[in-house]
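A.B. asks: dropping the sequence and predicted coords here.
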Amino acid sequence: MSDDTAIFVGAGETDRFLLLKYANRHGLVAGATGTGKTVTLQTIAEGFSAYGVPVFMADVKGDLSGIGLPGGDNPRAVERARQLEIEPYAGRAFPVIPWDLFGEKGHPVRTTVTEIGPVLMARLLQLNDTQEGVLNIVFKVADEQGLLLLDFKDLQSVLQWAAENAGSLTTRYGNVTKQSIGAIQRALLTLEQQGGERFFGEPALDLRDMIGRDGAGLGYVNILAADRLMQSPRLYATFLLWLLSELFEVMPEVGDLDRPKFVFFFDEAHLLFDDAPKALLDKIEQVVRLIRSKGVGVYFITQNPLDIPASVLGQLGNRVQHALRAFTPRDQKAVRTAAETFRPNPKFDAAQAIVELGVGEALVSFLDAKGVPEPVERCLVAPPQGRIGPATAAECAAALRSSPLAGRYEQGVDRDSAYEVLQRRAGGGQVEHEADGPESRPRRRGQYDAPPPASPGPWGRTRVPQTGEAPDSPAPRPRAEPRGEPRPAPAPRAPTRRSDTALEATLKSMGRAFGSTLVREGTRIILRGVLGSRRR
């Protein structure tokens, strides 16, 4: 295989190349801790960059920042190059763009609440089905009301508004309870304490800034500093899934190219699938299946191949399997699964070889020129040309200053959005009691700000409506008293007469009814007589 069309990954009895033509058929790098996965990942990423293919990868342990510095002086790398007869072997730096969700070791990475959407937000907040349904309603109402959900406080404001209007929302959209909204708000508080609110805001990440080449034609190596981010594994997985989904949405259909347009490495891939609902797993499988036609390759890096669902594992055509430890029944099952996914090689037993592999040694199977998986080969992995190991803090700071994106994302923008709109609406409907005079305060029946008189009536002091002013109530209002002398106490009323007994009340009612009947009949007789005389 010619090395001008493929990446040299390693060699055993034969050389193994990752064909650029089939690099968008995705891949897997698996193996136990300390078996060499990170160095393999660096070797493959440098190979893509050397051929002008930009890549993205998360630096979980802080070991990948050295790609931006020339290596070639590591004794183990020099020895491996000698074993593989790589001559000449020299160090080489690759163009690195550093990223950091917290903005400390790289350019800040932000997106808006609207762009991440209710589905990923519900997974990020670990909501149940009921709470996720309420969150969907909140997103829909915000869209209908023209409320932009850009940052954390926008979502919190709309949730508070939804709680205050839960009754009307329930009538129109379905059951919206204050309890569910309260649970969402508590989850947001937990995420905020983990620093997750920094992920939401503007300027939002433009993926076109990741997909590019430097002046020498090398593809950009986008490295996300994820050592701190891994303390919030759900945020880490949600961010990478959002990034993958955004690539799927914005990248155009290009079909099969001679090389990918972008390659995405998903380290600690098990975090993506842990406790994921079926709907989300179906979405991931769909993205992995279809993103190939957009020129994007996805490579999962994990310790155990069982971490990847079978529906996704079947889509990964290029595989590098480092050593596995078979100490438990699950480990033994993982060894069998890994061995069975390779095309067999009659020269050795893959299941036995997996537990015998040394550091920097792997079972490798890529797609051949016809797109068919090659028989598995036991190989020594080629050494990277960049530095193996992390860059120093000063070197990382220098890389950030020299980045082509320096200054583009560092300063946040807080434009007019849901929080500001709802604040204005609330301010417009409130009355400032402290600043208003007594006459401009809202009238409340039976209760005023002035202290009540010494002998109040049943409704306290009353106020006379001014000319042209509508009274508070259609009922007659008491006449206003002139200012000056206090109102004299009213004269005592005469005692009311006693109430009738039940018998007296009955007799009076019968008398009134009898009298009404006599009057009605008499009137009828008179009318008949008058009308009869007129007829004659």
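C.D. replies: It's in. The structure displayed is predicted, hence computed values, not measured ones.
A.B. asks: and the spatially closest residue to residue 330 that is not a sequence neighbour, how many neighbours does it have?
C.D. replies: Spatially, and ignoring its direct neighbours in sequence, residue 330 is nearest to residue 306 (7.3 Å; CB to CB, 6 or more residues apart in numbering). Heads up, the C-betas are built off the backbone N, CA and C, glycines and all. Counted by other CB atoms under 10 Å, the residues lying close to residue 306 total 17.
A.B. asks: residue 306: what secondary structure?
C.D. replies: The local conformation at residue 306, judged by DSSP: H, G, I helix; E, B strand; the rest coil, is helix.
A.B. asks: what's the local residue count around residue 77?
C.D. replies: Neighbour count for residue 77, taken as other CB under 10 Å: 24.
A.B. asks: list the contacts of it.
C.D. replies: 71, 89, 383, 384, 388 (CB atoms under 8 Å, 6 or more residues apart in numbering).
A.B. asks: what sits against the second one?
C.D. replies: Contact analysis of residue 89 by CB under 8 Å, 6+ apart lists 72, 77, 78, 81, 82, 383, 385.
A.B. asks: what's the helix or strand for the first one?
C.D. replies: Spelled out, it's residue 72. Following DSSP states H and E, one finds residue 72 outside all helices and strands.
A.B. asks: what residue lies at the spatial centre of this protein?
C.D. replies: Residue closest to the mean C-alpha point of the chain, counted by CA atoms, centre = their mean, is residue 121 at 3.2 Å.
A.B. asks: what's the pLDDT at that residue?
C.D. replies: Note on residue 121: pLDDT of 92.
A.B. asks: again with residue 8
C.D. replies: At residue 8, the model reports a pLDDT of 96.
A.B. asks: likewise for the one 4 residues further on?
C.D. replies: You'll see residue 12 listed with a pLDDT of 92.
A.B. asks: tell me how many other residues surround it.
C.D. replies: Residues lying near residue 12 (other CB under 10 Å) number 18.
A.B. asks: name the nearest residue to it, sequence neighbours excluded.
C.D. replies: In space, and not counting its chain neighbours, residue 12 is closest to residue 379: 4.3 Å by CB to CB, 6+ apart.
A.B. asks: hang on, the one you found in a helix?
C.D. replies: No: Residue 379 sits outside any helix when classified using three-state DSSP, being strand.
A.B. asks: got a list of what it touches?
C.D. replies: Shown in contact with residue 379 (CB under 8 Å, 6+ apart): 9, 10, 11, 12, 16, 361, 362, 363, 364.
A.B. asks: any chance of the contacts of residue 77 in JSON lines, with distance to residue 43 and secondary structure too?
C.D. replies: Output for the contacts of residue 77, formatted as JSON lines (distance: CB to CB, whole Å; DSSP: H, G, I helix; E, B strand; the rest coil):
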{"residue": "71", "distance to residue 43": "11", "secondary structure": "coil"}
{"residue": "89", "distance to residue 43": "12", "secondary structure": "coil"}
{"residue": "383", "distance to residue 43": "7", "secondary structure": "coil"}
{"residue": "384", "distance to residue 43": "5", "secondary structure": "coil"}
{"residue": "388", "distance to residue 43": "10", "secondary structure": "coil"}
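A.B. asks: quick check: the farthest pair among those?
C.D. replies: 89 and 388 (13.0 Å; CB to CB).
A.B. asks: helix/strand/coil for the residue nearest to the centre of the chain?
C.D. replies: Classification of residue 121 using three-state DSSP returns helix.
A.B. asks: ok, it to residue 196 distance?
C.D. replies: 11 Å (CB to CB, to the nearest Å).
A.B. asks: how about residue 331?
C.D. replies: Counting by CB to CB - residue 331 and residue 196 are separated by 34 Å.
A.B. asks: again with residue 295
C.D. replies: Residue 295 is 31 Å from residue 196, where distance means CB to CB.
A.B. asks: pull the number of nearby residues for the closest residue to residue 214 other than its chain neighbours.
C.D. replies: In space, and not counting its chain neighbours, residue 214 is closest to residue 95: 4.1 Å by CB to CB, 6+ apart. By other CB under 10 Å, 23 other residues sit near residue 95.
A.B. asks: picking up where we left off before, tell me the two of the contacts of residue 379 that are most distant?
C.D. replies: 11 and 363 (13.1 Å).
A.B. asks: which stretches of the protein have low pLDDT?
C.D. replies: Within the chain, the ranges that satisfy pLDDT under 70 run 1-4, 428-536.
A.B. asks: swap in 50 and give it another go.
C.D. replies: Along the chain, the model assigns pLDDT under 50 to residues 1-3, 429-487, 493-499, 530, 534-536.
A.B. asks: ranges for the strands of it?
C.D. replies: With DSSP state E, the ranges of strands along the chain come out as 6-11, 15-19, 27-30, 55-59, 96-100, 107-108, 221-225, 262-267, 296-302, 318-321, 361-365, 377-381.
A.B. asks: nearest to residue 129, out of these?
C.D. replies: Nearest to residue 129, of all these, is strand 262-267, at 26.6 Å by CB to CB.
A.B. asks: from the contact counts, what lies against that closest one?
C.D. replies: Applying 3 or more CB pairs under 8 Å, 6 or more residues apart in numbering; DSSP states H and E, one finds that strand 262-267 makes contact with helix 37-50, strand 55-59, helix 233-250, strand 296-302.
A.B. asks: next, the angle from that strand to strand 55-59.
C.D. replies: Angle, strand 262-267 to strand 55-59, by axes from the mean of the first three to the mean of the last three CA atoms, to 10 degrees: 20 degrees.
A.B. asks: show me the contacts for residue 132.
C.D. replies: Residue 132 touches 118, 119, 122, counting by CB under 8 Å, 6+ apart.
A.B. asks: equivalent analysis for residue 68, please.
C.D. replies: 93, 94, 95, 96, 221, 386, 391, 395, 399.
A.B. asks: can you do 10 Å?
C.D. replies: Shown in contact with residue 68 (CB atoms under 10 Å, 6 or more residues apart in numbering): 93-98, 221, 223, 386-387, 391, 395-396, 398-399, 402-403.
A.B. asks: thinking again about what came up before, the residue nearest to residue 330 reaches residue 30, doesn't it?
C.D. replies: Yes: counting by CB atoms under 10 Å, residue 306 touches residue 30, with 9.4 Å between them.
A.B. asks: distance of residue 277 relative to residue 85?
C.D. replies: 50 Å.
A.B. asks: what's the span of stretch 197-205, first residue to last?
C.D. replies: Stretch 197-205 has an end-to-end distance of 15 Å (CA to CA, to the nearest Å).
A.B. asks: re earlier: from residue 98, how far off is the residue nearest to residue 330?
C.D. replies: Residue 306 is 33 Å from residue 98, by CB to CB.
A.B. asks: neighbour-wise, which of residue 277 and residue 85 wins?
C.D. replies: More crowded of residue 277 and residue 85, by other CB under 10 Å: residue 277, with 13 against 8.
A.B. asks: contact partners for that one?
C.D. replies: 119, 122, 123, 129, 132, 283.
A.B. asks: contacting residues for the second one?
C.D. replies: It refers to residue 122. The contact partners of residue 122, by CB under 10 Å, 6+ apart, come to 128-129, 131-136, 184, 187, 238, 277, 280.
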